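Visitor: Show me how the following folds:
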Amino acid sequence: MALVTTSDFVGKWAISKSFNQDNTTLQTYIDTYENKYMSELLGAELYVLFTAGIAATNPIYEALRDAFNLDIDGSYSKGNRVVISQGVIFMLKCVIYAHYQRQDLGISTSLGHVNADVEGGKPTNDNKTAVFSMYNEGIKTYKAIQCYINENISDYEDFNGIEKGYSWLI
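Guide: Below is the predicted model:
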C-alpha cells in the first residue's frame, strides 16, 4: 500500500517536469525511498504491521500516520518539551523530494525549473540549502514519530527503528 503518490508533489513539493517526464522518475523515487524510510522509521516487522493496521483503520497505527503534538515529561529526553509530528505522509514527501531534487541538476527560478548554461564558469548558487531544509523538516517528523513510539512502547512492541540525525548532506 503506497502512502505517497506522484499527485502529492504539489505546492512546496512541486517537482520539475523536465527531469520527471511522465511521472516515471518520481514514481521510482517514491517506490525506493518510501520503503527505505518507513522500514528505518519503524523496523521491518512494525512496518508490515503498520501497513496492515492502516488498511484496517487501527487507531494505534493511524496515530503514527497522522499529525500530532506530544508533551514529553523528561522520561525519554532531557527535560520537558513538546514534540510535533506533521505525519508520515509529510515526512515521506520531504525526504523523497530532497532525494529527488539532489539528483535533478536544474535550478528553480521565477520562470520555472531550468538547467544552468554558463559560459566560462559555473552557477554560484546551486540551491541545495532548500533541499537540506526540506530533508531536515522530514527528519524532524521522523524523530517525533519515534519519540511517540518510545512513549507508547507497549503498543509498538515490534519497534526496531533506526535513529536519524539532521543533515547537511544526504
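Visitor: For the chain, which segments count as helices?
Guide: 24-42, 44-55, 59-65, 88-103, 128-151 (DSSP state H).
Visitor: Which residues does stretch 87-99 contact?
Guide: 3-4, 8-9, 13, 15, 29-30, 33-34, 37-38, 41, 64-68, 85, 131-132, 134-135, 137-139, 141-142, 145, 170 (Cβ atoms under 8 Å, 6 or more residues apart in numbering). (Glycine included, C-beta is placed from N, CA and C.)
Visitor: just to revisit the earlier point, redo the helices of the chain as a markdown table? Include distance to Phe159 and mean neighbour count.
Guide: Listed next are the helices of the chain as a markdown table, based on distance: least, Cβ to Cβ, whole Å; neighbours: other Cβ atoms under 10 Å:
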| stretch | distance to Phe159 | mean neighbour count |
| --- | --- | --- |
| helix 24-42 | 7 | 18 |
| helix 44-55 | 5 | 16 |
| helix 59-65 | 10 | 16 |
| helix 88-103 | 15 | 22 |
| helix 128-151 | 5 | 19 |
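Visitor: To Lys164, which of the ones you listed lies closest?
Guide: The closest of the helices of the chain to Lys164 is helix 128-151. By Cβ to Cβ, the value is 5.4 Å.
Visitor: And that closest one, what does it pack against?
Guide: Taking 3 or more Cβ pairs under 8 Å, 6 or more residues apart in numbering; DSSP states H and E as contact, the helices and strands that helix 128-151 lies on are helix 24-42, helix 59-65, strand 68-72, strand 81-85, helix 88-103.
Visitor: Out of the ones you listed, flag the one nearest Asn160.
Guide: Comparing those by Cβ to Cβ, helix 24-42 comes nearest, at 7.6 Å.
Visitor: what's the spacing between the closest one and its chain's center?
Guide: For helix 24-42, the separation from the chain centroid amounts to 9 Å (computed by Cα atoms, centre = their mean, to the nearest Å).
Visitor: so how far is Tyr33 from Tyr156?
Guide: 22 Å (Cβ to Cβ, to the nearest Å).
Visitor: Kindly reformat the helices and strands packed on helix 128-151 as a markdown table containing distance to Phe50 and mean pLDDT.
Guide: Shown next, in a markdown table, are the helices and strands packed on helix 128-151 (distance: least, Cβ to Cβ, whole Å; pLDDT from 0 to 100):
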| stretch | distance to Phe50 | mean pLDDT |
| --- | --- | --- |
| helix 24-42 | 6 | 94 |
| helix 59-65 | 5 | 95 |
| strand 68-72 | 15 | 90 |
| strand 81-85 | 14 | 90 |
| helix 88-103 | 9 | 92 |
